[in-house]
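Novice: Prediction below, plus the sequence it came from.
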Amino acid sequence: MLVLARKHGQSIFVGDNVEITIVEVRGDVVRLGINAPGGVPVYRREVWERIKAEKEAEANGDGNGNGQSE
């Protein structure tokens with residue numbers, strides 16, 4: 001894992017077209033701004049984990065296709 005120190009208003013780039021900017025730092029909460037092309041999905045980790053679990057359940061025939069358990 002690459003660990004970087006950034007201050008308010010500073011940015012980093014991921015690849016050539018994803019920019020992550022420190023928008024606000026308040027206590028232990030950091031707000032990030034993410035500029036990415038429309039075709040690049042950006043998720044909070046907990047949302048990504050839920051999507052991944054739903055896709056795995058559908059692939060295994062465990063889901064009903066709507067992300068809800070029956």
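Specialist: Received it, and whenever you're ready, just let me know what you need.
Novice: pretty sure Ile12 is in contact with Leu4, am I right?
Specialist: Yes: in this structure, Ile12 is within contact of Leu4 by CB atoms under 8 Å, at 6.0 Å. Where C-beta positions appear, they are placed from N, C-alpha and C, glycine not excepted.
Novice: How are the strands of the protein distributed by residue range?
Specialist: In the chain, strands defined by DSSP state E lie at 11-14, 18-26, 29-35, listed in chain order.
Novice: With mean neighbour count as added columns, please give those strands in TSV.
Specialist: Putting the strands of the chain into TSV (neighbours: other CB atoms under 10 Å) gives the following:
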stretch	mean neighbour count
strand 11-14	12
strand 18-26	13
strand 29-35	11
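Novice: Among those strands, which comes closest to Val47?
Specialist: strand 29-35 (13.6 Å; CB to CB).
Novice: which helices and strands does the closest one pack with?
Specialist: With contacts taken as 3 or more CB pairs under 8 Å, 6 or more residues apart in numbering; DSSP states H and E, strand 29-35 sits against strand 18-26.
Novice: from the chain's centre, how far out does the strand it packs on sit?
Specialist: Chain-centre distance of strand 18-26: 13 Å, with CA atoms, centre = their mean, to the nearest Å.
Novice: Name the nearest residue to the residue sitting nearest the centre point of the chain, sequence neighbours excluded.
Specialist: Geometric centre of the chain, nearest residue: Tyr43, 2.7 Å, by CA atoms, centre = their mean. Once flanking residues are discounted, Tyr43 sits nearest to Ile51: 6.9 Å by CB to CB, 6 or more residues apart in numbering.
Novice: where in the protein is pLDDT low?
Specialist: Low-confidence segments of the chain, defined by pLDDT under 70, are located at 63-70.
Novice: Trp48 versus Glu24, what's the distance?
Specialist: Distance from Glu24 to Trp48, counting by CB to CB, to the nearest Å: 23 Å.
Novice: from what I can see Ile22 touches Gln10, true?
Specialist: Yes: taking CB under 8 Å as the definition, Ile22 is a contact partner of Gln10 at 5.6 Å.
Novice: one step back: could I get the strands of the chain as JSON lines with distance to Asn60?
Specialist: Output for the strands of the chain, formatted as JSON lines (distance: least, CB to CB, whole Å):
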{"stretch": "strand 11-14", "distance to Asn60": "31"}
{"stretch": "strand 18-26", "distance to Asn60": "32"}
{"stretch": "strand 29-35", "distance to Asn60": "32"}
